[in-house]
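**Student:** 3D model of this:
(one chain, ligands or ions: 1)
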Amino acid sequence: MEATNHPNITIYRGWDTPTKYVWSPFVTKTEFRLRTASLPYTSAAGSPRTAPKGKIPYIELSTPTRPTEHIADSTLISKSLGERGIARDLNANLTALQRGQDLAIRALFEEKLYFFTGHERWVKNYYTMRDHVLWAIPYPLRLVIGNLAYRGNVRKMYEQGSGRFSDEEISAFVREIWDGVSGILEESRRGAKSEDCFWVLGGEEPTEADSTVFGFVVSTLVCDAAPQTRELVKSEFPVVVEYAERIHKRWFPDYDM
Ligand SMILES: N[C@@H](CCC(=O)N[C@@H](CS)C(=O)NCC(=O)O)C(=O)O
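**Tutor:** Below is the predicted model:
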């Protein structure tokens, strides 16, 4: 998993805290992708307002052979690295069945859990979320922008469908997802040596699903605006925490745990 043509990469993470994980699962997903490919990178704050697709993360990529590019979306970033020969395609050696399973797990987190978690963050713990996400916007403007962000998120979750469930229903769905991934990881850990990383599909190397799952586990553990889910994962699904701890020790030792 070595870099082949020495690119310069800057990742825009949304926050100016270079030695800490950020609350966005998609940012940590991308950092996992870069680090497991042994690609050095620089971190910068950036913001959704300056992002090519209006969301973080995005990267600035320069190589000796191509003009500087800005690439947005964690999945497209990963694909671009593979297509440009900068990192190996993580899923290249999977069977068709495994590719389907990998995709299904990513979709479960990115298209389903993300919205349920958004409810806990933006609706149940609004003030914590607002002040963290809008750290760069001074008061009193933060109150106005926060209110717009709140309304935008509530509308988005209602239209996506998650916003139509009760708190209890959302909590039950969230538990079901973590219970499911915990079962997968238990099985995978059984095949790994103690202390070694183990992977979602149970192989020797990480796949795209690991980028996503690691991103979401870390996001759950570090986010103060979703204490209920954090407590659930820590107390009921310890294998999930262990999965992330082993990856942290190997690839993110410079970050606060
Ligand atoms: N599909 C995107 C999702 C990225 C995403 O949703 N980022 C959130 C932070 S977790 C964001 O930037 N939200 C700001 C906004 O929607 O205005 C990816 O994979 O990168």
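**Student:** and the residue of the stretch 101-250 of the chain found nearest the ligand, what is it in contact with?
**Tutor:** Closest approach between the stretch 101-250 of the chain and the ligand, counting by CB to the nearest ligand atom: Glu110, at 6.4 Å. Yep, even glycine has a C-beta here, placed from its N, CA and C like the rest. With contacts defined as CB atoms under 8 Å, 6 or more residues apart in numbering, Glu110 is in contact with Pro25, Phe26, Thr212.
**Student:** CSV please, covering those residues and showing secondary structure and distance to the ligand.
**Tutor:** Converted to CSV, these look like this (DSSP: H, G, I helix; E, B strand; the rest coil; distance: CB to the nearest ligand atom, whole Å):
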residue, secondary structure, distance to the ligand
Pro25, helix, 6
Phe26, helix, 4
Thr212, helix, 9
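**Student:** that older thread, for the residue of the stretch 101-250 of the chain closest to the ligand, give me phi and psi.
**Tutor:** Phi and psi for Glu110, reported as degrees, to the nearest 10, are phi -80, psi -30.
**Student:** Same check on Arg164?
**Tutor:** Phi and psi for Arg164, reported as degrees, to the nearest 10, are phi -90, psi -10.
**Student:** burial of it, as a residue count?
**Tutor:** By other CB atoms under 10 Å, the residues close to Arg164 number 11.
**Student:** cool, and the one 10 residues further on?
**Tutor:** Residue crowding around Val174 was assessed by other CB under 10 Å; the count is 22.
**Student:** quick one: average confidence on the biggest helix by length in the chain?
**Tutor:** Counting residues, the longest helix in the chain under DSSP state H turns out to be helix 167-190. Across helix 167-190, pLDDT averages out at 98.
**Student:** which of the residues in that helix are buried?
**Tutor:** Neighbour counts over helix 167-190 (16 or more other CB atoms under 10 Å) mark Ile170, Ser171, Val174, Ile177, Trp178, Val181, Ser182, Ile184, Leu185, Ser188, Arg189 as buried.
**Student:** Leaving out the residues flanking it, which one is nearest to the third one?
**Tutor:** Distance criterion CB to CB, 6 or more residues apart in numbering; nearest residue to Val174, sequence neighbours excluded, is Phe116 at 5.1 Å.
**Student:** Next one: the one you found from Asp167, what distance?
**Tutor:** Using CB to CB, to the nearest Å, Phe116 is found at 11 Å from Asp167.
**Student:** Equivalent analysis for Tyr12, please.
**Tutor:** In terms of CB to CB, Tyr12 sits 33 Å off from Asp167.
**Student:** Over to Ser188?
**Tutor:** For Ser188, the distance to Asp167 - CB to CB - is 32 Å.
**Student:** cool, and Arg121?
**Tutor:** Going from Arg121 to Asp167 by CB to CB gives 13 Å.
**Student:** ok, now Phe198?
**Tutor:** As judged by CB to CB, Phe198 and Asp167 stand 33 Å apart.
**Student:** can you count the residues close to Thr212?
**Tutor:** For Thr212, the count of nearby residues is 29 (other CB under 10 Å).
**Student:** so what pLDDT did it get?
**Tutor:** Each residue has a pLDDT score; the one for Thr212 is 98.
**Student:** for the one 3 residues further on, same thing?
**Tutor:** Predicted confidence (pLDDT) at Gly215: the value is 98.
**Student:** can you pull the contacts of the closest residue to it other than its chain neighbours?
**Tutor:** Spatial nearest neighbour of Gly215, chain neighbours left out: Lys29 (3.2 Å); criterion: CB to CB, 6+ apart. For Lys29, the contacting residues are Ser74, Ser211, Thr212, Phe214, Gly215, Phe216, by CB under 8 Å, 6+ apart.
**Student:** Now render these as a markdown table, adding secondary structure.
**Tutor:** As requested, these are arranged in a markdown table below (DSSP: H, G, I helix; E, B strand; the rest coil):
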| residue | secondary structure |
| --- | --- |
| Ser74 | helix |
| Ser211 | helix |
| Thr212 | helix |
| Phe214 | helix |
| Gly215 | helix |
| Phe216 | helix |
